[in-house]
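Engineer: have a look at this fold, sequence not included:
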């Protein structure tokens, strides 16, 4: 039986369901639906109609629709979310005034907001929030099944105002509350030290717009001064990521040629490749990269790509494993859809997402990420087991160089 989609659209749907379909489907998409899919839309519109007419408490049409879309998107993955007009507008538009935050990277695990990493020198870090903490309440709002965008909206606010966060933590018998004062998050993304006049140490806390310039300035200062630098330590521990373009630029400082990273999605426009440029000054330091379970996203790309290209030995603990691309789709009513559209892949064709980066040398002690950062901030590198190992590797590079030969990279691989 042939169904006329125009007649179906005109006669089947109530105003509420009609609005919903206008968000989900374009007019031309209706012609591509099978009879079975039309039947499913009929069920959907019937449910909306029954709720609107019979539910014990009166609900606004828009509320029913938005909640149904949220449920649809929430079941895809933790990083996709639907944003109603008010939230989308507030997140999309750069405000003229300043807003405060806490300084944490969050994900979703087991239906609850979970801290990936508190950024050092921020209110969250100073308050004592730790990686792996499960946020169960933001003020009086349960975070169960809350999407990331809604959580960000709740945690943002005027600098100087307070917010109460309740967490569950492994080892604690009961939930713990933190009363944290919001602040402008100004992060110095690159920090430089020279150790024993032999080793350059550069810590990247997050990948921001200025990170590459700061990183190059740090590298140049190592060369211009009277240091005898024999190796470089790049510390990406508890770095939650940031701008992909900055991560690519950092990697490009050490590669003469080749693929750095690529994305792969279902449609052609999501398939992008980033290659090393041969017109840049390159640095030939022997490199050790430090990572832990709080190293995520862009920091995993730096560690993994240089590992694939046999330009760095990675030391530490397995990284977080966040390697997806989110695209924002504006919708006709002013709402927005943040949808995962691709995954990042390293030159060796391995994916980061859900797997993370395995270090070449694992330092599997009981140190937490917070303790890692406290050791980083210490003036005594010998108090930090990962730093001790990094210096040992650089001092005996020829002995450890065989690790690099085990890292497999298919030079002729063409991802797209």
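Structural biologist: Happy to help now that I have it. Since this is a predicted model, take the numbers as computed values, not measurements.
Engineer: pull up the per-residue confidence for residue 400.
Structural biologist: Note for residue 400: predicted pLDDT of 88.
Engineer: to clarify, my last question referred to residue 54.
Structural biologist: pLDDT, residue 54: 92.
Engineer: quick one: neighbours of it, just the number.
Structural biologist: Look at residue 54: counted by other CB atoms under 10 Å, it has 7 neighbours. C-beta here means a position set from N, CA and C on the backbone, and glycine is covered the same way.
Engineer: next one: it from residue 48, what distance?
Structural biologist: 11 Å (CB to CB, to the nearest Å).
Engineer: same check on residue 309?
Structural biologist: Taking CB to CB, one finds residue 309 at 53 Å from residue 48.
Engineer: who has more neighbours out of these two?
Structural biologist: Between residue 309 and residue 48, counted using other CB under 10 Å, the more crowded position is residue 309 (24 against 21).
Engineer: where does pLDDT dip in the stretch 1-150 of the chain?
Structural biologist: Scanning the stretch 1-150 of the chain for pLDDT under 70 picks out 1-33, 90-99.
Engineer: please enumerate the strands of it.
Structural biologist: For the stretch 1-150 of the chain, applying DSSP state E, counting those that start in this stretch gives strands covering 81-83, 104-109, 112-118, 134-138, 141-142.
Engineer: helices or strands up against the third one?
Structural biologist: If contacts are counted by 3 or more CB pairs under 8 Å, 6 or more residues apart in numbering; DSSP states H and E, strand 112-118 sits against strand 104-109, helix 123-127, strand 134-138.
Engineer: would you format these as a markdown table with distance to residue 258 and mean neighbour count included?
Structural biologist: Shown next, in a markdown table, are these (distance: least, CB to CB, whole Å; neighbours: other CB atoms under 10 Å):
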| stretch | distance to residue 258 | mean neighbour count |
| --- | --- | --- |
| strand 104-109 | 29 | 20 |
| helix 123-127 | 36 | 19 |
| strand 134-138 | 40 | 19 |
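Engineer: for residue 329, find the nearest of these.
Structural biologist: Closest to residue 329 of the helices and strands packed on strand 112-118, according to CB to CB: strand 104-109, at 20.2 Å.
Engineer: contact partners for the closest residue to residue 280 other than its chain neighbours?
Structural biologist: Excluding the flanking residues, the one nearest residue 280 by CB to CB, 6 or more residues apart in numbering is residue 252, at 6.2 Å. Residues in contact with residue 252 (CB atoms under 8 Å, 6 or more residues apart in numbering) are 260, 276, 277, 280.
Engineer: ok, how many other residues are close to the first one?
Structural biologist: The burial metric for residue 260, expressed as a neighbour count using other CB under 10 Å, is 24.
Engineer: again, but for residue 338
Structural biologist: 20.
Engineer: quick one: it and residue 161, what's the gap?
Structural biologist: Counting by CB to CB, the gap from residue 338 to residue 161 is 26 Å.
Engineer: same question for residue 180.
Structural biologist: For residue 180, the distance to residue 161 (CB to CB) stands at 10 Å.
Engineer: quick one, which of the two is more surrounded?
Structural biologist: Neighbour count, other CB under 10 Å: between residue 180 and residue 161, residue 180 has more, with 23 against 12.
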